[in-house]
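# the sequence and its predicted three-dimensional model are supplied below.
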Amino acid sequence: MLKPSAHLVAFPAVLLVGSLLCGCPNPNSYGTPRTVAPGKIAHSISLESYGYIGETLDVDVDPNTGATTSTPRTTSGFAPTFPSYQLRAGLTDMLDIGAHLHNLTSFGVDLKVNPVRGIFDLAVDPGLQYFFLTTNDASVHVVYLHAPVMLGVNPADWFSIVVTPGVTYALASGDVVGDDEAASVGDGLLLRGGLGFQFRTSDSFAIHPEITMMKSVEGPGLVYNFGIGFNFGALPSYKDLQEPM
């Protein structure tokens, strides 16, 4: 049986700081529902930022009676993060795989299935993200399981609008070492929704700003990721949308 330890109280703070600085969930894809052609490779480098909007309680103590009152207060924060890199490889006409280095601190992989193409595109893109954080007396393992549906609208062969509803499930475990040893595990379901715009300046280069918001189903507040992706290489083709000469 685990022994209780005062050090365990610090675990949520360690997890929060780690998430904000180097291991926050990063659901942005900087892509469209379309997959890379079989045997081809595409790349993406993105400049990103992370923000949150939450609620805290200000507690006041009456010096005469000792009674306490709590007042809710909205808090928020926003900060840039390290850039991210993504590599995508085409497997079949409607299937590709992605490998990610999120914010230069965590690793990820996803598998995109794209059964519908045209003016409207559709894909499912399940993926996994993992990071590990350690300090002098604590260590944290966090796994995010991403499950978005990618919906694309293509008004022209050079421009796409991408909406990505879905869910993310977080699994966290950690160990705190002190006079007594303690361990903690946690999990939670996050609802997510994203919006992106892709501007293709050529067959091999595109700019893709994207924002995704995520909210826990168990409490107030939300987090969001905003970034701009620069895509290059063998990008998915949109020649089927070109008007015949």
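Right, received. Where do you want to start? Only a predicted model underlies this, so the values are computations on that prediction, with no experimental measurement involved.
# from residue 135, how far out is the nearest residue to residue 76 once chain neighbours are set aside?
Nearest non-adjacent residue to residue 76, counting by Cβ to Cβ, 6 or more residues apart in numbering: residue 53, 4.7 Å away. Where C-beta positions appear, they are placed from N, C-alpha and C, glycine not excepted. With distances taken as Cβ to Cβ, to the nearest Å, residue 53 is found 27 Å from residue 135.
# which of these two has more neighbours?
residue 53 (16 against 12; other Cβ atoms under 10 Å).
# dig out what the residue nearest to residue 76 forms beta bridges with.
As for beta bridges, residue 53 partners with residue 76, residue 222 under DSSP bridges.
# this structure: strands as residue ranges?
Assigned by DSSP state E, the chain shows strands spanning 41-61, 68-80, 84-92, 95-102, 106-116, 120-124, 127-134, 138-156, 159-177, 181-202, 205-216, 222-233.
# these into TSV, with extra columns for distance to residue 33 and mean pLDDT?
Conversion of the strands of the chain to TSV gives the following (distance: least, Cβ to Cβ, whole Å; pLDDT from 0 to 100):
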stretch	distance to residue 33	mean pLDDT
strand 41-61	14	85
strand 68-80	28	79
strand 84-92	13	97
strand 95-102	11	96
strand 106-116	5	96
strand 120-124	4	97
strand 127-134	14	87
strand 138-156	4	92
strand 159-177	7	86
strand 181-202	11	80
strand 205-216	13	95
strand 222-233	14	94
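# the residue nearest to residue 76 contacts residue 78, correct?
No: in terms of Cβ atoms under 8 Å, residue 53 does not count as a neighbour of residue 78; the distance is 9.5 Å.
# which residues touch the spatially closest residue to residue 107 that is not a sequence neighbour?
Leaving aside its sequence neighbours, residue 107 sits nearest to residue 130 (Cβ to Cβ, 6+ apart; 5.6 Å). For residue 130, the contact set (Cβ atoms under 8 Å, 6 or more residues apart in numbering) comprises 106, 107, 108, 141, 142, 143, 144.
# swap the cut-off to 7 Å and go again
Taking Cβ atoms under 7 Å, 6 or more residues apart in numbering, we find residue 130 in contact with 106, 107, 143.
# list buried residues within those.
Buried by 16 or more other Cβ atoms under 10 Å: residue 106, out of the contacts of residue 130.
# make a markdown table from the contacts of residue 130 and add distance to residue 31 to it.
Formatted as a markdown table, the contacts of residue 130 follow (distance: Cβ to Cβ, whole Å):
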| residue | distance to residue 31 |
| --- | --- |
| 106 | 19 |
| 107 | 18 |
| 143 | 22 |
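# and of the contacts of residue 130, the nearest to residue 188?
residue 143 (11.8 Å; Cβ to Cβ).
# what bridges to that closest one?
Assigned bridge partners for residue 143, using DSSP bridges, are residue 130, residue 171.
# use 17 as the first number for this chain going forward.
Okay, residue one is now 17; in that scheme the one you just asked about reads as residue 159.
# who touches it in this structure?
Contacts of residue 159 (Cβ under 7 Å, 6+ apart): 144, 146, 187.
# what residues sit buried inside stretch 64-73?
64, 66, 67, 68, 69.
# and those residues as a markdown table, adding distance to residue 58?
Putting the buried residues of stretch 64-73 into a markdown table (distance: Cβ to Cβ, whole Å) gives the following:
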| residue | distance to residue 58 |
| --- | --- |
| 64 | 19 |
| 66 | 25 |
| 67 | 28 |
| 68 | 31 |
| 69 | 33 |
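# and these, which two are the farthest apart?
64 and 69 (17.6 Å).
# the strands of the chain into JSON lines, with extra columns for distance to residue 46?
Output for the strands of the chain, formatted as JSON lines (distance: least, Cβ to Cβ, whole Å):
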{"stretch": "strand 57-77", "distance to residue 46": "5"}
{"stretch": "strand 84-96", "distance to residue 46": "16"}
{"stretch": "strand 100-108", "distance to residue 46": "7"}
{"stretch": "strand 111-118", "distance to residue 46": "10"}
{"stretch": "strand 122-132", "distance to residue 46": "12"}
{"stretch": "strand 136-140", "distance to residue 46": "14"}
{"stretch": "strand 143-150", "distance to residue 46": "13"}
{"stretch": "strand 154-172", "distance to residue 46": "12"}
{"stretch": "strand 175-193", "distance to residue 46": "9"}
{"stretch": "strand 197-218", "distance to residue 46": "7"}
{"stretch": "strand 221-232", "distance to residue 46": "5"}
{"stretch": "strand 238-249", "distance to residue 46": "3"}
